[in-house]
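In: Next one to model:
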Amino acid sequence: MNKLFACVLWIVAACNVMAQEKSADASMNKVRLQFTLDETGRPGYALYFDGQTVIRRSELGFELVGNSALDKHFEIAGIEKKSVDEHWKPVWGEVSHIRNQYEQLVVHMKETAEPFRLLDIEFRVFNDGLGFRYIFPQQPNLKYFVVSKELTAFNLTGDHKAFWIPGDYDTNEYSYTTSPLSKIDAWEVEKKATDIAVRVVPDQYAVQTPLMLKTAGGIYMNIHEAALINYPAMQLHIDRDSFKLSANLVPDALGNKAYLHAPFHTPWRTVIVSKRAEDILASKMILNLNEPSRIKETDWIKPMKFAGVWWEMQSGKSTWSYADNLDSLDPKGQLIPSGKHGANTANVKRYIDFAAKNGIGGVLVEGWNTGWEDWFGNWKENVFDFVTPYPDFDVQGISDYAKSKGVKMIMHNETSGSATTYERYADTAFRFMNKYGYPAVKTGYVGKIIPRGEHHDGQWMVNHYERIAQKAADYKVMLDSHEPNRPTGLHRTYPNWMAYESGRGNEYNAFSDGNHPDHETILPFTRLMGGPMDYTPGIFKLRGYASYAPSRQVHTTLAKQLALYVTIYSPLQMVADLPENYEAHPDAFQFIKEVAVDWDDTKVVEAEPGAYITIARKAKGTENWFIGAITNENARTAVIPLDFLQQGKKYKMNIYRDADDADWKSNPEAYFIEHVHADAKTILRLKLAPGGGAAISIVAQ
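Out: Sure thing, here's the model as predicted:
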C-alpha cells in the first residue's frame, strides 16, 4: 500500500513539473534544438550548430481568420521524446539505401484560457539539420478553421550571403541573384524579368525556398519545406535590418492561406546546416521527412532517357501549332497547315529512329494535339482536350512504329493553366495514354491559373498537382510536371512523380538571354534540394541555333552540357538537342548514350554554391561510375580523388573535357576526349574553361 501511495505521489509530482515546464531540447551530434515558452506562453525555438547559434529564438504559431490566433497563452501539457535509426530503399534515386536517423521531440501545448485549444509541434533533429511541423489534434474546440498567417520565423544571426529568386506566386523561372540578405529586392529583379510572361510578386522583400545561405563564418544553411500536401507553398519575407525571415504563405483567390480540418499536420519546415557545402547537397533530410510510397507495386516505374520534338520548336525551326492562327481556314472550315508544324508523323518517326539507333528509351512529342493556335495569353478554359491529334499526327501509326523499334512514346499534356479543364479530362487523358502505350506524361501549366484568382503555388493547386500524381499512379503512368510548385520530396511518397521543372531550365537559352554561367552551380543548392529537375541538358549546337535570334548562344561549353547529366539529377532525363547536332559530334554523344539515370551511390566531391560542383555517381546494378564537374564564368582546376572506387580494381576512364582554348563566349564547342586507366589511388586534375566542365565515364575492367 505504501509503495502504491508513493507511486501515485510521483506521478502527481511529475505532472505538476510537466505543467510548469517552459522548455525542452533535442540534439544529434553537432545540431541542437531548444524549444521554449516565454512569459506570455508564446512558443519559440532556437537552433545551434557546433556550439554556435545559427537561428536565434524564433516565433511559432498561427493567425486564423476571425481575429483568432494560436500563438501565445500556451502551457506545455506533455513532452514526448524518442530516437529513430532506420534504413529504407527508394524505388529510384541518387543512392540505393537511405539512413533515417533523428531525435524526435513532440511538444503538446494547451491554451491556458478558453477555448483551451490544443497545438502540438513535432521537431526532428538530424545530423545535418532540423525539421519541424505543426500538428492540430482532434479536439472539441477546433474543427474547421482557416489560416490567415503562419507565424513561423527564422531569426538569423547576420547579414548572410544569399542565393535567391523573388517570392513569386506563379513562377520559379528567374535567374538567381547572389547578394547579402540586406540587399534583397524582389521587385527590382521581377521588373527586369520580362522573359517570364506571368509574374506576381506582391512582397518586395520576399524570396522563394529553397533559400541557400552562407554565413561570414563559413556555415552553410538551406531553408525549405518537406511533404507539401494540402497547404500553400511557403515563401520567406526578409526583414533586411534584423535578418528575420518570416513564413509567407501563398494566398488563394480570397486572400486566405489554408482551409484546414483537425486533425491535420502542416508540411515540415526544414533547415539543413553544415560547415561543408558538399554536405548540403548530400543531405537526405527532406526525403526522410516524407511518407513512404503509397504505391505498392512499383515495377512499372522505370527511369529513362528520352529525345523529343521540342528544341526545334523552342529554337524556331518548327512550331507547336498546325496552322498560323485560328482564322487560317479553308472553304470547308478546316485549318490550313502552315507547313512548319513539328509534330508531324514523318518527323516524329525520324526521332524514333534516332532514339532506337542510340539506345534512348523514349521520345517526347509536343504540339501533337489540337489547340495550339490559341493556347496562351487569353486566360481561357477548354483550350485542349488531350486526345484529339492534328491531321498530320497519326497516333496509332506512330505508336505502332515506336513499338516496332523498341521505343516508348512520352505524352505531353499542356493545360495552359486551366487546371479545371485538366481535372475534367484527366481520366480520358490517362486512358488515352494506356491505350496507345505511353508510360510517362509531361504536364504543363503555362499561364494564369484557372480557377481564376488561384496561383500556381496556392493550396488549391498544390492539391491539384497531387491529385494528378495519384491519377497517374492509378493508370501506371510516370509524371514529369512543368510549372508546378517547387518539389518537397514527394517523389518518395509518389515514386511515379519523377521530375519537375519548377525552375529556370535550359529552354531559356532559346527564347531569352539565357542562363548565366553560374546558374547550374546554384541550382543543386536551391531548386534541386526538394527533388529532381527536368532541366533538359545536352545542347551541342551552342551558337546560331535560334532562327529568330542568330546571335543567341548558350552560356556553357559543350563539355559542361555533358557534365549536367550528372550534376543536375533527373530519373527522366532529356536528350534535348536535335538529332543532326548529335550526329555532328558522335564521339561526345557517346557519353550521353552511356550515362545512367538511376544510381546506387553518389559522392559530392567538391562544391561551392555559385562557383563549382563535382559529383560522382555509381550506376545502378553496376561497378561503373560517372562524374560531372562544372564551373561558373571562371576557369578553374577540378581536383577529383577517385578513392570511392573499389580498392585493388582497375578501371578504364573516358574523359570528356574542355579543350585548352575552350571558352563559353568565344569557343564553346571545343572539347577533347582522352582514354586512360585509373584506380582508387588516382587523383584527377582537370582544367575547366570559363563556363565549362568535364564529364567522365569510369568502367570496371
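
In: Okay, helices next: where are they in the stretch 151-300 of the chain?
Out: Applying DSSP state H, counting those that start in this stretch to the stretch 151-300 of the chain gives helices spanning 186-192, 277-282, 285-288.

In: Please identify the deepest-packed of those helices.
Out: Among those, helix 285-288 has the highest mean neighbour count (mean count of other C-beta atoms under 10 Å), at a mean of 24. Every C-beta, even on glycine, is put in place using the N, C-alpha and C of the backbone.

In: could you say what helices and strands it packs with?
Out: Where contact means 3 or more C-beta pairs under 8 Å, 6 or more residues apart in numbering; DSSP states H and E, helix 285-288 is packed against strand 98-111, strand 129-136, strand 220-226, strand 268-274.

In: Show me what the mean pLDDT comes to for stretch 354-369.
Out: For stretch 354-369, mean pLDDT rounds to 98.

In: now swap in stretch 509-518 and tell me
Out: 95.

In: buried stuff in it?
Out: By neighbour count on 16 or more other C-beta atoms under 10 Å, the buried set for stretch 509-518 is 509-510, 512, 514-518.

In: What of stretch 693-701?
Out: 693-699.

In: Can you list the low-confidence ranges for the stretch 551-700 of the chain?
Out: Counting by pLDDT under 70, the stretch 551-700 of the chain shows no low-confidence range.

In: can you give me the helices for it?
Out: 558-567, 579-583, 586-594.

In: export those helices to CSV and tack on distance to residue 209 and mean neighbour count?
Out: Compiled in CSV, the helices of the stretch 551-700 of the chain are given as follows (distance: least, C-beta to C-beta, whole Å; neighbours: other C-beta atoms under 10 Å):
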stretch, distance to residue 209, mean neighbour count
helix 558-567, 21, 29
helix 579-583, 36, 16
helix 586-594, 32, 17
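
In: Next, format these as CSV and append distance to residue 45.
Out: Below are the helices of the stretch 551-700 of the chain laid out as CSV (distance: least, C-beta to C-beta, whole Å):
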stretch, distance to residue 45
helix 558-567, 34
helix 579-583, 52
helix 586-594, 46
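
In: And these: which comes nearest residue 532?
Out: helix 558-567 (12.2 Å; C-beta to C-beta).

In: Report the inter-axis angle for that closest one versus helix 586-594.
Out: Counting by axes from the mean of the first three to the mean of the last three C-alpha atoms, to 10 degrees, helix 558-567 lies at 10 degrees to helix 586-594.

In: elements contacting helix 558-567?
Out: Here helix 558-567 touches helix 519-522, helix 586-594, strand 612-619, strand 625-631, strand 651-658, strand 693-700, going by 3+ C-beta pairs under 8 Å, 6+ apart.

In: now the shortest one, how far from the chain's geometric center?
Out: I take that to be helix 519-522. Remark: helix 519-522 is offset 14 Å from the chain centroid, using C-alpha atoms, centre = their mean, to the nearest Å.

In: ok, residues contacting that helix?
Out: Residues from elsewhere that reach helix 519-522 (C-beta atoms under 8 Å, 6 or more residues apart in numbering): 163, 175-176, 178, 212, 504, 535, 555-556, 560, 564, 567-568, 608-613, 630-632.

In: Any idea which of the helices and strands packed on helix 285-288 gets closest to residue 193?
Out: Evaluated with C-beta to C-beta, these place strand 220-226 nearest to residue 193, the distance being 22.0 Å.

In: which one of the helices of the stretch 151-300 of the chain lies closest to residue 84?
Out: With C-beta to C-beta, the closest approach to residue 84 among the helices of the stretch 151-300 of the chain belongs to helix 285-288: 9.5 Å.
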